[in-house]
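A.B. asks: Please find the sequence and the predicted model below.
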Amino acid sequence: MSKNIKPETQKIESRWHPSIRQVQIIENKPNFPISWLNIQGYCEYSLYLENFQHIQVEDTQQMTTGTDEHQILEDEFKKTATVMSYDEMQEISQKQKVVSREFFVISPEDGIRGFIDEIWIMPDSVVIIDDKPGDKAYDSMKNQVYAYALAYQQMNPDDKRDIYVALRTRLTDNIFWQTKFTSNEKYEIKRLINHMQQLITGKTFFKPTCNLNKCKACRFNQVCDNSKV
């Protein structure tokens, strides 16, 4: 049996970073959006331009469409969703499947936070789903959903259920990639997150992509000092 649940967002004290957009300081550590990991895999230098240099450019049509489609899914979900606390949701999931959208996860330890598109919490397992355009599983997409799994796992350290991560074609039921979140994936995503923390704290430098096609498609190509266009 599936039960639609919309959990309340957990409240955690934080403050915005004084100079870096989208970064918060939580427990004295920079905390960045998990969605950055998808952007990082495309070109991490674009993160620098937007959030460190505060360069503003218009969203692409793909970005606008993605936002609109996410809202369509969220509005449809709300029609039958039941609002419950995080603890109530976890209790119910011990006996039956719970489904939620825009599920907030955070890890002060690793400095990440974000909203999972859809999560299925079942008596024997958890499935974390990220909706994407198309049906090709890029490494950057996988990194994003791995980070969601890491944050969820750290929010529930005593939960021994297996965690699976999946990518699904937006506005469809087509799950085109899925795998179990194991210690290997955990090690690799923590290593990437540490790299991001090094970038945020200035201990290493943002590198632009070497892919000319990415530069051509990038919305920052007209203002990027490393653009190959």
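C.D. replies: Structure received. Numbers count the residues shown, from 1 in each chain.
A.B. asks: just checking, His54 touches Arg21?
C.D. replies: Yes - if you go by Cβ atoms under 8 Å, His54 and Arg21 touch, sitting 6.4 Å apart. Placement of C-beta: from N, CA and C, glycine included.
A.B. asks: Please say which of those two ends up with more neighbours.
C.D. replies: For His54 versus Arg21, neighbours defined as other Cβ atoms under 10 Å are more numerous around Arg21 (13 against 10).
A.B. asks: Need the pLDDT of the more buried one.
C.D. replies: For Arg21, the pLDDT comes out at 98.
A.B. asks: Pretty sure it sits against Gln53.
C.D. replies: No - counting by Cβ under 8 Å, Arg21 stays clear of Gln53, with 9.6 Å between them.
A.B. asks: Please enumerate the strands of this structure.
C.D. replies: 2-7, 15-16, 24-26, 29-33, 82-84, 97-107, 112-121, 125-132, 162-169, 175-180 (DSSP state E).
A.B. asks: out of the ones you listed, nearest to Leu49?
C.D. replies: strand 29-33 (15.4 Å; Cβ to Cβ).
A.B. asks: partners of that closest one, with directions?
C.D. replies: Partner strands and pairing direction for strand 29-33 (DSSP bridges) are strand 24-26 (antiparallel), strand 112-121 (parallel).
A.B. asks: what's the most buried one of those?
C.D. replies: Highest mean neighbour count among these (mean count of other Cβ atoms under 10 Å): strand 112-121, with a mean of 22.
A.B. asks: got any ranges where the protein has weak pLDDT?
C.D. replies: 1-11 (pLDDT under 70).
A.B. asks: all helices for it, in order.
C.D. replies: Ranges of helices within the chain are 36-47, 61-78, 86-92, 139-155, 183-200, 212-217, based on DSSP state H.
A.B. asks: helices or strands up against the shortest one?
C.D. replies: Right, helix 212-217. Judged by 3 or more Cβ pairs under 8 Å, 6 or more residues apart in numbering; DSSP states H and E, the packing partners of helix 212-217 are helix 36-47.
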